[in-house]
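J.: Return atomic coordinates for the entry below.
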Amino acid sequence: MIRRDRIRDLLSSGPPPADGRPVVVCGWARSRRDSKAGVSFIDLSDGSCLAGIQVVVPAAMPAYAEVTRLIHTGTAVSVTGRLVPSPGRNQSVEIQADAITVVGACDPERYPIQKQATSLEFLRSIPHLRARTRTFQAIHRVRSVLAFAVHRFFQERHFTCVHTPIITAGDCEGAGKQFHVTTLDLEHPPRASGEGIDWSQDFFAQPVHLTVSGQLEGETFACGMGDIYTFGPTFRAENSNTPRHLAEFWMIEPEMAFCDLEGDRQLAVDFVRCTVRDALAACAPELEFLEKQQAPGLCAQLQQLVTVDFAELTYDQAIAILAKAGRRFEYPVSWGCDLQAEHERYLVEEHCRSPLVVSHYPKDIKAFYMRLDDDGRTVAAMDVLVPRMGELIGGSQREDRLDVLEQRMAAAGLDPGRYQAYLDLRRFGSVPHAGFGLGFERLVCLVTGTQNIRDVIPYPRTPGHCP
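T.: Numbers count the residues shown, from 1 in each chain. I've put the predicted structure just below:
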């Protein structure tokens, strides 16, 4: 076992004695500068916290010239020395080095990350190295805290975590934009009668694909265990090159039996408040850094999400407000249109000036499983809209009436034979139930103030890009 002290612990352990205490620190050099007095200063990071620690290397240290010659930005080193109070203004402690070992050399001519600021766009081209940067470390430390906050939120409310299938034969959204999974020889697939592929020879003996949502399977557990949630990867084969879309992302989907749209709305609002509150409490240094780097006013916006009431509008009211907005939107507004990001942000940022829940959307623009309202034209659906992001959460009360669900599936062109298990929930002890879905990366974007969703996931999968 390699003995080492974490920088996080050294910075939080209180002031050391004047003559210092012995430490061993391993990490990567962010920078090195040499003074005219023959002393080198290394900014060292080990990834345990956002801050680095200054290592002071005196010229009298053995092999000083050789060691410092080898240390550049990106070099991995092990430092043995003493933790002492720092006379500098920007740090309370520093390390006086007694010995330094170069663990991993780094060619300064080829290493793509330098001391000066590097754009997030460039860092996307080197995803295997961008975890060395402060910005990426800050974003992903927040992501880690939020992932824990998700589980804590539901576990404290006695929800059961369910791992739904990644490979599935069902299509929750009915959109057809899915990644297919097969073991067949794609160059010479077996043929059935006529020109069609003989799927009986495939691994599962039928067409299957990567899941677009765990909702349908989640409903089966909710209709037996009460309150459940899923938190796992989902996949959409949509050719969307936007800052808001990924082909592979993580989805949070709670489902609750004996619950209506109002209960669903309240859980969604509580979820946003609690997860953001946890991030503010646990990631203050990271959020302050990100506010300076990329998102002015970030912390105040997050505090608003935690403290203010969420406004409520029906879709009808939202359309009326947009029609009277006195501005030309890129996408024209009329009843029956799906709200676009520009519409959502206007409602949140200019009209309501607060987070917003919009409910009761037209049935024709929503999925088949959403409960039909009594007016026959809208469904019991809701979206949670937030500043900068627009839609963060989409949810609904599910259609629990067998005859109505069958009619909705027929209208959507879905084969009921592939959904017998889902229909059985309505045949055997059907109950009102509701749930919502939240793309985890959008939550991370919201909390970190990151503009492009590709910067909040370690390895973004997008059209034409799978490094």
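J.: How much space separates Val333 from Gly194?
T.: Distance of Val333 to Gly194, computed by C-beta to C-beta, to the nearest Å: 47 Å. The way it works is simple: take the backbone N, C-alpha and C, and place the C-beta from them, glycine included.
J.: which residues sit in contact with Asp403?
T.: For Asp403, the contact set (C-beta atoms under 8 Å, 6 or more residues apart in numbering) is empty.
J.: Gln201 against Leu184, yeah?
T.: Yes: counting by C-beta atoms under 8 Å, Gln201 does reach Leu184; the two are 6.8 Å apart.
J.: Mutual contacts of the two, please.
T.: Going by C-beta under 8 Å, 6+ apart, residues that sit against Gln201 and also against Leu184 are Pro190.
J.: just the strands in the stretch 1-150 of the chain please.
T.: Per DSSP state E, counting those that start in this stretch, the stretch 1-150 of the chain carries strands over the ranges 21-34, 40-45, 53-57, 76-85, 93-104.
J.: which stretch among those comes nearest Gly376?
T.: Counting by C-beta to C-beta, Gly376 lies closest to strand 40-45 out of the strands of the stretch 1-150 of the chain; the figure is 60.4 Å.
J.: What is the closest one packed up against?
T.: Applying 3 or more C-beta pairs under 8 Å, 6 or more residues apart in numbering; DSSP states H and E, we find strand 40-45 packed against strand 21-34, strand 53-57, strand 76-85.
J.: Indicate which one of the ones you listed is closest to Gln155.
T.: strand 21-34 (34.1 Å).
J.: and the closest one, what does it pack onto?
T.: Applying 3+ C-beta pairs under 8 Å, 6+ apart, one finds that strand 21-34 contacts helix 7-12, strand 40-45, strand 76-85, strand 93-104.
J.: The same query, at a cut-off of 10 Å, please.
T.: In terms of contacts (3 or more C-beta pairs under 10 Å, 6 or more residues apart in numbering; DSSP states H and E), strand 21-34 is packed against helix 7-12, strand 40-45, strand 53-57, strand 76-85, strand 93-104.
J.: closest one to Ala325 among those?
T.: Ala325 sits nearest to strand 40-45 of all the helices and strands packed on strand 21-34, at 47.7 Å, using C-beta to C-beta.
J.: Enumerate every residue touching Met61.
T.: Met61 makes contact with 39-40, 67-68, 81, 96-100, according to C-beta atoms under 10 Å, 6 or more residues apart in numbering.
J.: again but with Ser40, I slipped
T.: Contacts of Ser40 (C-beta under 10 Å, 6+ apart): 32-34, 55-59, 61, 64, 67-68, 71, 97, 100.
J.: do the same with Glu330
T.: Per C-beta under 10 Å, 6+ apart, neighbours of Glu330: 340-343.
J.: out of the residues you listed, which is most surrounded?
T.: Within those, most neighbours by other C-beta atoms under 10 Å means His343, with 23 neighbours.
J.: Surely it forms part of a strand?
T.: No: using DSSP: H, G, I helix; E, B strand; the rest coil, the assignment for His343 is helix, not a strand.
J.: ok, it touching Leu385?
T.: Yes: taking C-beta atoms under 10 Å as the definition, His343 is a contact partner of Leu385 at 9.4 Å.
J.: quick one: common contacting residues for those two?
T.: 318, 358.
J.: The stretch 201-350 of the chain: helices as residue ranges?
T.: 215-225, 261-282, 284-293, 298-307, 315-323, 341-345 (DSSP state H, counting those that start in this stretch).
J.: Out of these, flag the one nearest Gly14.
T.: Among the helices of the stretch 201-350 of the chain, helix 284-293 sits nearest to Gly14 (C-beta to C-beta), with 17.5 Å.
J.: buried sites along the closest one?
T.: By neighbour count on 16 or more other C-beta atoms under 10 Å, the buried set for helix 284-293 is 286-287, 289-291, 293.
J.: can I get these in a markdown table with pLDDT?
T.: Formatted as a markdown table, these follow (pLDDT from 0 to 100):
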| residue | pLDDT |
| --- | --- |
| Glu286 | 98 |
| Leu287 | 98 |
| Phe289 | 97 |
| Leu290 | 97 |
| Glu291 | 97 |
| Gln293 | 94 |
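J.: Quick one: these as TSV, columns for distance to Gly394 too.
T.: Listed next are those as TSV, based on distance: C-beta to C-beta, whole Å:
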residue	distance to Gly394
Glu286	28
Leu287	26
Phe289	31
Leu290	26
Glu291	28
Gln293	30
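J.: Ser86 contacts Ile53, correct?
T.: Yes: contact criterion C-beta under 10 Å: Ser86 and Ile53 qualify, at 9.3 Å.
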